[in-house]
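1. Below are the sequence and a predicted model; questions follow.
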Amino acid sequence: MSQNFTFAINSISFDENYQPKDNTRITTNFANLARGDSRQSNLRNALRMIDNSFNSLANWDNPNGDRYSVELEIISVDMDIDGSGEAFPSIEILKTNILDRQTNERIEGIVGNNFSSYVRDYDFSVLLLDHNKDQPKFSIPENFGELHGKLFKHFVNSEAYKQNFKKPPVICLSVSDNKIYSQTENQHPVLGVEYQPNESSLTEQYFKKMGLQVRYFMPPNSVAPLAFYFFGDLLNDYTNLELISTISTMETFQKIYRPEIYNANAVAGKRYQPNLKNADHSLTQIVYDREERSRLAIEQGKFAEENFIKPYQNVLEQWSANYA
């Protein structure tokens with residue numbers, strides 16, 4: 001059965017003229033910015049923030065702080081399950097490319113960064129909610145995240161992935177506001193100070209099923225740690241410039257979406273609990289509709305259920321059971 005699962009990878013530039021395609025998950029960070037009256041200034045401001053952040057971290061041989069620019073591509077992954085040519089939009093990630101203005105060279109960055117998936121929306125906004133509707137105590141459905149994890153691993157191991165990308169993906173997320181993070185002695189020149197959580201989160205467990213491990217670092221100039229999900233060895237498999245491209249891109253998004261944490265006016269201490277009600281933070285000049293995002297996650301989860309989970313249920317269950 002699995003030999004029929006094929007992936008098609010498409011790429012579109014994320015620049016100030018970007019307009020989301022009809023099948024893009026609208027809750028995706030970058031798509032949300034590209035809507036409404038402020039769309040062009042939103043995009044321009046976000047891209048400028050990314051470049052400024054990149055140059056402040058890549059500060060060697062960069063006296064004016066303007067040597068590099070980050071170019072972003074949105075990578076959409078469509079999946080054809082039964083060879084019919086009908087594809088389901090399964091995953092969307094971001095790819096960074098670095099332009100070195102001093103040498104005029106374009107350097108490949110990291111793929112991953114932002115991660116969005118309709119099946120994840122289904123798992124968290126439909127399946128998990130239904131499972132807990134009348135339960136007195138929160139619990140997780142059996143096999144939660146199994147199918148999604150196997151589909152993701154299948155994609156990363158696919159020929160389509162290997163033909164398009166040289167290295168495995170790194171996904172960078174916000175920290176969880178119900179965990180406590182403690183600073184360790186470990187420090188990296190670009191990733192910064194490492195933190196460790198007091199316990200594992202549901203997101204961690206979900207990403208573990210995708211084959212990813214996680215480490216938490218607070219980069220120089222940052223005020224809170226970021227969660228880095230990766231395969232292999234995060235600190236040695238990627239160059240400093242590659243890592244900086246991910247930090248500058250994803251921290252910019254977090255400053256826009258979670259200013260209470262990532263644009264806070266005080267830096268995380270040795271023992272840190274993120275707080276989404278923290279009033280002592282600054283806002284960016286970028287307009288963003290957070291409430292719409294929560295509502296759309298449910299709509300997108302239902303879309304996945306109706307167009308993917310239900311119609312292909314037998315095929316998916318059989319494939320998942322046989323997936324090595």
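-> Cool, the structure landed. Numbering: from 1, shown residues only.

2. Pull out the buried residues from stretch 66-78.
-> Within stretch 66-78, the residues that qualify as buried are 67, 68, 69, 70, 71, 72, 73, 74, 75, 76, 77, 78, counting by 16 or more other Cβ atoms under 10 Å. Just so you know, the C-beta spots here come from the backbone N, C-alpha and C atoms, and that holds for glycine as well.

3. Turn the residues you listed into TSV, including distance to residue 170, secondary structure and pLDDT.
-> Shown next, in TSV, are the buried residues of stretch 66-78 (distance: Cβ to Cβ, whole Å; DSSP: H, G, I helix; E, B strand; the rest coil; pLDDT from 0 to 100):
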residue	distance to residue 170	secondary structure	pLDDT
67	23	coil	97
68	18	strand	97
69	20	strand	96
70	15	strand	96
71	17	strand	95
72	15	strand	94
73	15	strand	93
74	16	strand	91
75	13	strand	92
76	18	strand	90
77	16	strand	92
78	22	strand	91
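
4. from those residues, which is closest to residue 272?
-> Set against residue 272, the nearest of these by Cβ to Cβ is residue 70 (27.4 Å).

5. Bridged to the closest one, which residues?
-> Per DSSP bridges, the residues bridged to residue 70 are residue 98.

6. Surely it touches residue 51?
-> Yes: with contact defined as Cβ atoms under 8 Å, residue 70 counts as touching residue 51 (6.0 Å).

7. Where does the prediction get shaky in the chain?
-> Low-confidence segments of the chain, defined by pLDDT under 70: 1-4, 20-38, 287-294.

8. Would you map the strands across it?
-> For the chain, the strands defined by DSSP state E occupy 6-14, 68-80, 87-100, 105-117, 170-173, 181-188, 192-197, 213-218, 226-230, 271-272.

9. Now do the last one: which elements does it pack against?
-> It stands for strand 271-272. Other helices and strands packing on strand 271-272, by 3 or more Cβ pairs under 8 Å, 6 or more residues apart in numbering; DSSP states H and E, are strand 181-188.

10. who are the neighbours in contact with residue 175?
-> 181, 197, 216, 224, 225, 226, 227, 261, 274 (Cβ atoms under 8 Å, 6 or more residues apart in numbering).

11. Who wins on neighbours among the residues you listed?
-> When neighbours are counted by other Cβ atoms under 10 Å, residue 225 leads the contacts of residue 175 with 27 neighbours.

12. So that residue versus residue 188, what's the distance?
-> Separation of residue 225 from residue 188 (Cβ to Cβ, to the nearest Å) stands at 12 Å.

13. Return every residue with contacts to both of those two.
-> residue 217.

14. contacting residues for the spatially closest residue to residue 109 that is not a sequence neighbour?
-> Counting by Cβ to Cβ, 6 or more residues apart in numbering, the nearest residue to residue 109 once its immediate chain neighbours are dropped is residue 96, at 3.0 Å. Taking Cβ under 8 Å, 6+ apart, we find residue 96 in contact with 70, 71, 72, 109, 110, 111, 113, 242, 245, 246, 249.

15. okay but the fourth one is in contact with residue 69, surely?
-> Okay, so that is residue 109. No: using Cβ under 8 Å, residue 109 is not in contact with residue 69; the gap is 11.5 Å.

16. what sits in contact with each of the two?
-> Residues touching both residue 109 and residue 69 (Cβ under 8 Å, 6+ apart): residue 98.

17. all helices for the stretch 201-324 of the chain, in order.
-> 202-209, 234-237, 240-257, 259-262, 290-304, 313-322 (DSSP state H, counting those that start in this stretch).

18. can you put these in CSV and add distance to residue 280?
-> Listed next are the helices of the stretch 201-324 of the chain as CSV, based on distance: least, Cβ to Cβ, whole Å:
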stretch, distance to residue 280
helix 202-209, 26
helix 234-237, 31
helix 240-257, 15
helix 259-262, 9
helix 290-304, 18
helix 313-322, 46
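
19. Can you tell me which of the ones you listed is most buried?
-> helix 240-257 (a mean of 24; mean count of other Cβ atoms under 10 Å).

20. That one vs strand 192-197, what angle?
-> For helix 240-257 against strand 192-197, the angle by axes from the mean of the first three to the mean of the last three Cα atoms, to 10 degrees is 60 degrees.

21. Packing partners of helix 240-257?
-> By 3+ Cβ pairs under 8 Å, 6+ apart, helix 240-257 packs against helix 29-33, helix 39-57, strand 68-80, strand 87-100, strand 105-117, strand 170-173, strand 226-230, helix 259-262.

22. Now with 6 Å, please.
-> Under the contact criterion of 3 or more Cβ pairs under 6 Å, 6 or more residues apart in numbering; DSSP states H and E, helix 240-257 touches helix 39-57, strand 87-100, strand 105-117, strand 170-173.

23. Kindly export the longest one (C-alpha atoms) in PDB.
-> The C-alpha trace of helix 39-57 is given here as PDB (Å, rounded to 0.1, in the frame of the first residue of the first chain):
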ATOM      1  CA  ARG A  39      -0.700  43.100   4.400                       C
ATOM      2  CA  GLN A  40       2.100  44.800   2.500                       C
ATOM      3  CA  SER A  41       3.500  46.700   5.500                       C
ATOM      4  CA  ASN A  42       3.100  43.600   7.700                       C
ATOM      5  CA  LEU A  43       5.200  41.600   5.300                       C
ATOM      6  CA  ARG A  44       7.800  44.300   4.800                       C
ATOM      7  CA  ASN A  45       8.200  44.900   8.500                       C
ATOM      8  CA  ALA A  46       8.400  41.200   9.300                       C
ATOM      9  CA  LEU A  47      11.100  40.700   6.700                       C
ATOM     10  CA  ARG A  48      13.000  43.700   7.900                       C
ATOM     11  CA  MET A  49      12.900  42.400  11.500                       C
ATOM     12  CA  ILE A  50      14.300  39.000  10.300                       C
ATOM     13  CA  ASP A  51      17.200  40.700   8.500                       C
ATOM     14  CA  ASN A  52      18.000  42.900  11.400                       C
ATOM     15  CA  SER A  53      17.900  40.000  13.800                       C
ATOM     16  CA  PHE A  54      20.100  37.900  11.400                       C
ATOM     17  CA  ASN A  55      22.800  40.600  11.100                       C
ATOM     18  CA  SER A  56      22.900  41.200  14.900                       C
ATOM     19  CA  LEU A  57      23.600  37.500  15.500                       C
END
